[in-house]
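Enquirer: how would this look folded up:
(2 chains)
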Amino acid sequence: MAALRCPYGGGDPGRDRPKAPGLEVETLVGDAVVVSTVTSSLADVASSDAALRAFLHGLPGVDRVGADQRAAVLGTRSIKTTAKAAAIDLAISMVDLTTLEGADTAGKVRAMCAKAMRPGGDAPRVAAVCVYPDLVAVAVEALKGSGVRVASVATAFPSGRTSPEIKVSETGMAVAAGADEIDMVIDRGAFLSGRYMKVFEEIVAVKAACGDAHLKVILETGELATYDNVRRASWLAMLAGADFIKTSTGKVSPAATPSVTLIMLEAVRDFRAATGRQVGVKPAGGIRTTKDAIKNLVLVNETAGDDWLTPEWFRLGASSLLNDLLMQREKLATGRYAGPDHFTLD
Amino acid sequence: MSRLSVRKTYKLYIGGAFPRSESGRSYPVTSPKGDFLANASRASRKDARDAVVAARKAFPGWSGATPYNRGQVIYRVAEMLEGRRAQFAEELGGGKRAALEQVDATVDRLVWYAGWSDKIAAVHGAANPVAGPYFNLSSPEPTGVVAVVAPADPLLGLVSVVAPVIVTGNTCVVVASEPAPLAAITLAEVLATSDLPGGVVNVLTGRQAELAPWLAAHMDVNGLDLTGVGDEELALRCEQEAAENLKRVLRPVAEDWTADPGTGRMTRFLETKTVWHPVGI
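Expert: Residues are numbered from 1 along each chain as shown, chains lettered A, B, ... in the order given. Next comes the predicted model:
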């Protein structure tokens, strides 16, 4: 007799541990059985508002001090010379080059797309560009055939304060314009007031509107107040079908702190262990230096594992980070400190 | 019971703060006679990098301040230095009278450069006559971040190379004299308490041969003053490195610091901006 392999329960399924309500206890035959059991029961957790709430509140709490300390310790790794060069190139290939300003123009987006395809020297191209929905068509045109994906924010970014119909239709329009990825925001008001089902249903509806496009769900952790809420929101988004979970819009401070990224990486790791489905992570906002980017890569490797260490499963949402990465790359290549005068502004 | 004296730790001056060297290194400083005076920080290339970042950050504010305001701040530096005459005289060592004369000459040098801040544009700018209905105006503008290798003269020499660089609106990173860096750090204390924004002057102490090439090669440095470089080979190497991003370079020269300085040191780190403006509109 064994408990289900509860998230955060660790590796040994035979031990008694507190279980999340909504998950059934079954006889353990093999890992496959556990997975299928949990999958079916995870499908049930969203059957009613009460079941969903019971599941999310049944997730073990986050040890705030422990998470902060773990993230801080992982931030002290010294990555130098060839490892650093490899990390910089990997980080560049993971960048979602972003411009989300009211003052964005088609010209600015085209310039950014040119930089996304050829960041400079022999640096690899970035993973995607991220723009507002009305500029998706411009980006698609500029990036045609380059392999750089087009991501679009949708659902009344950044606040998400509009009716569900508008969120769905905005998503549909962005996909129709050619977006490969949709970055949606969750309804933080509903989440914080405990109406999890509303958040869940919105994500499901937007996911349906996405079609083949990947869905990134922005949790806006700066507004979620506690690490427990970050963990609940991560699970909620993954249960609802998110392909990626993303920390922040970049409009709220604090944004992607290492601790929050750590908690989300733990969530995707445990979600895959429970369901077999892999979900990506995208920290965004506040990552400005090469050092920050490399700390993030260390976090990924040490928390989720190197399965996530590819642009397909881990992204860095950033705008000014790319220049710093390129400057560090230049420093490694030439041996002289680089200056911002010699790199493009955006 | 006798009292234990509290001795000063000589640190670096970067971005308005006094950090120790990132490398944790230091080196002993001795008097000309060979007596131990103190340990000074031995800055590394990363300290130089941090100093350039601080200087770049301070540049918009300092170059954007009015020349009149910059002059006032430098005059204020002279005032504060005057108040510490005795301390500087003691640190310079040698004959007391000669040392006090040096400090006085330094104060006078600062006052002299402070006066130039709002006059240099009148002397080195121009309203150019052109064949057309245009005003054509040339005005001198600061070049940006300047790396300065200070000469051996610990106080007068140091101030004579730093003041002309900052009075026009540049910010700078100074590598203090290697054998006699203590006065430079005490001067930094004066700068830190005289309304000079943090980062406008950054003082590094340590090995000239270690720091100068990194500053000369740094792509975010716009000017290089090699006055204090005694080694010809090092000077040549620095000049070659500086060519990569076309820094304005002042080559090493032997100078008499008591002589009239002239405006050459200020104009070396100025760029001329010329604008055309239609007449009558």
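
Enquirer: quick one: residue B:26 from chain A, how far?
Expert: 23 Å (C-beta to the nearest C-beta, to the nearest Å). In this view, the C-beta of every residue, glycine as well, is placed from N, C-alpha and C.

Enquirer: For the residue lying closest to that residue once chain neighbours are set aside, grab the count of nearby residues.
Expert: Leaving out its chain neighbours, the residue that sits closest to residue B:26 by C-beta to C-beta, 6 or more residues apart in numbering or on different chains is residue B:39, at 4.4 Å. If you count neighbours by other C-beta atoms under 10 Å in any protein chain shown, residue B:39 ends up with 14.

Enquirer: so who does the residue of chain A found nearest chain B touch?
Expert: Distances between chain A and chain B by C-beta to the nearest C-beta are smallest at residue A:339, namely 3.0 Å. Taking C-beta atoms under 8 Å, 6 or more residues apart in numbering or on different chains, we find residue A:339 in contact with A:327, B:218, B:219, B:220, B:221, B:245.

Enquirer: Mind checking which of those residues land in helices?
Expert: Assignment to helices by DSSP state H places the following of the contacts of residue A:339 there: residue A:327.

Enquirer: re the thing from before, in the host helix or strand of the residue nearest to residue B:26, which residues are buried?
Expert: Using DSSP states H and E, residue B:39 maps to strand B:36-41. By neighbour count, and taking 16 or more other C-beta atoms under 10 Å in any protein chain shown as the criterion, the buried residues in strand B:36-41 are B:38, B:40, B:41.

Enquirer: Also stretch B:243-250?
Expert: B:245, B:247, B:248, B:249, B:250.

Enquirer: quick one: which of the residues you listed is nearest chain A?
Expert: Ranked by distance to chain A (C-beta to the nearest C-beta), the buried residues of stretch B:243-250 are led by residue B:245 at 7.1 Å.

Enquirer: The residue of the stretch 101-250 of chain B found nearest chain A: neighbouring residues, count only.
Expert: Minimum separation of the stretch 101-250 of chain B from chain A (C-beta to the nearest C-beta) falls at residue B:220, amounting to 3.0 Å. Residues lying near residue B:220 (other C-beta under 10 Å) number 19.

Enquirer: Now do the contacts for it.
Expert: Per C-beta under 8 Å, 6+ apart, neighbours of residue B:220: A:337, A:338, A:339, A:340, A:341, B:52, B:53, B:56, B:145.

Enquirer: Outside of stretch A:158-173 itself, list whatever touches it.
Expert: By C-beta under 8 Å, 6+ apart, the residues outside stretch A:158-173 that reach it are A:100, A:133, A:154-156, A:182, A:184-189, A:201-202, A:205-206, A:208-210, A:220, A:249-252.

Enquirer: Please list only the buried members of those residues.
Expert: A residue is treated as buried here by neighbour count (16+ other C-beta under 10 Å); on that basis the buried members of the contacts of stretch A:158-173 are A:100, A:133, A:154-156, A:182, A:184-188, A:201-202, A:205-206, A:209-210, A:220, A:249-250.

Enquirer: Leaving out chain neighbours, which residue sits closest to residue A:266?
Expert: Across the structure, with C-beta to C-beta, 6+ apart as the measure, the residue nearest residue A:266 apart from its sequence neighbours is residue A:303 (5.9 Å).

Enquirer: So which of the buried residues of stretch B:243-250 is the closest to residue A:90?
Expert: Using C-beta to C-beta, residue B:245 is the member of these that lies nearest residue A:90, at 28.8 Å.

Enquirer: Spit out the contact partners of the closest residue to that closest one other than its chain neighbours.
Expert: In space, residue B:245 comes closest to residue B:219 once its chain neighbours are excluded; the distance is 5.1 Å by C-beta to C-beta, 6+ apart. Contacts here follow C-beta under 8 Å, 6+ apart; on that basis residue B:219 touches A:336, A:337, A:338, A:339, A:341, A:342, B:244, B:245.

Enquirer: With pLDDT, secondary structure and distance to residue A:309 added, can I get those residues in JSON lines?
Expert: Converted to JSON lines, the contacts of residue B:219 look like this (pLDDT from 0 to 100; DSSP: H, G, I helix; E, B strand; the rest coil; distance: C-beta to C-beta, whole Å):
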{"residue": "A:336", "pLDDT": "94", "secondary structure": "coil", "distance to residue A:309": "30"}
{"residue": "A:337", "pLDDT": "96", "secondary structure": "coil", "distance to residue A:309": "28"}
{"residue": "A:338", "pLDDT": "95", "secondary structure": "coil", "distance to residue A:309": "26"}
{"residue": "A:339", "pLDDT": "92", "secondary structure": "coil", "distance to residue A:309": "31"}
{"residue": "A:341", "pLDDT": "91", "secondary structure": "helix", "distance to residue A:309": "33"}
{"residue": "A:342", "pLDDT": "91", "secondary structure": "helix", "distance to residue A:309": "30"}
{"residue": "B:244", "pLDDT": "94", "secondary structure": "helix", "distance to residue A:309": "35"}
{"residue": "B:245", "pLDDT": "93", "secondary structure": "helix", "distance to residue A:309": "36"}
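
Enquirer: Grab the two from these that are most spread out in space.
Expert: A:336 and A:341 (13.3 Å).

Enquirer: Between these two, tell me which one has more neighbours.
Expert: When residue A:336 is set against residue A:341 and neighbours are counted by other C-beta under 10 Å, the residue ahead is residue A:336, at 17 against 11.

Enquirer: for the stretch 51-200 of chain B, which spans come out with low pLDDT?
Expert: Per-residue confidence for the stretch 51-200 of chain B (pLDDT under 70) gives no ranges below the cut-off.

Enquirer: Now name the helix or strand holding the spatially most central residue of chain B.
Expert: Taking C-alpha atoms, centre = their mean, the centroid of chain B lies closest to residue B:162, which sits 2.5 Å from it. Counting by DSSP H and E, the secondary-structure element that holds residue B:162 is helix B:156-167.

Enquirer: In terms of secondary structure, what does that helix contact?
Expert: For helix B:156-167, the helices and strands in contact under the criterion 3 or more C-beta pairs under 8 Å, 6 or more residues apart in numbering or on different chains; DSSP states H and E are helix B:67-83, helix B:96-116, strand B:145-149, strand B:171-175, helix B:182-192, strand B:223-225, helix B:264-267.

Enquirer: Can you redo these as CSV, where the extra columns are mean neighbour count?
Expert: Conversion of those to CSV gives the following (neighbours: other C-beta atoms under 10 Å in any protein chain shown):
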stretch, mean neighbour count
helix B:67-83, 19
helix B:96-116, 18
strand B:145-149, 29
strand B:171-175, 28
helix B:182-192, 22
strand B:223-225, 25
helix B:264-267, 18
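
Enquirer: Output these in a markdown table; the columns should cover distance to residue A:73.
Expert: Below are the helices and strands packed on helix B:156-167 laid out as a markdown table (distance: least, C-beta to C-beta, whole Å):
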| stretch | distance to residue A:73 |
| --- | --- |
| helix B:67-83 | 44 |
| helix B:96-116 | 49 |
| strand B:145-149 | 36 |
| strand B:171-175 | 34 |
| helix B:182-192 | 35 |
| strand B:223-225 | 41 |
| helix B:264-267 | 50 |
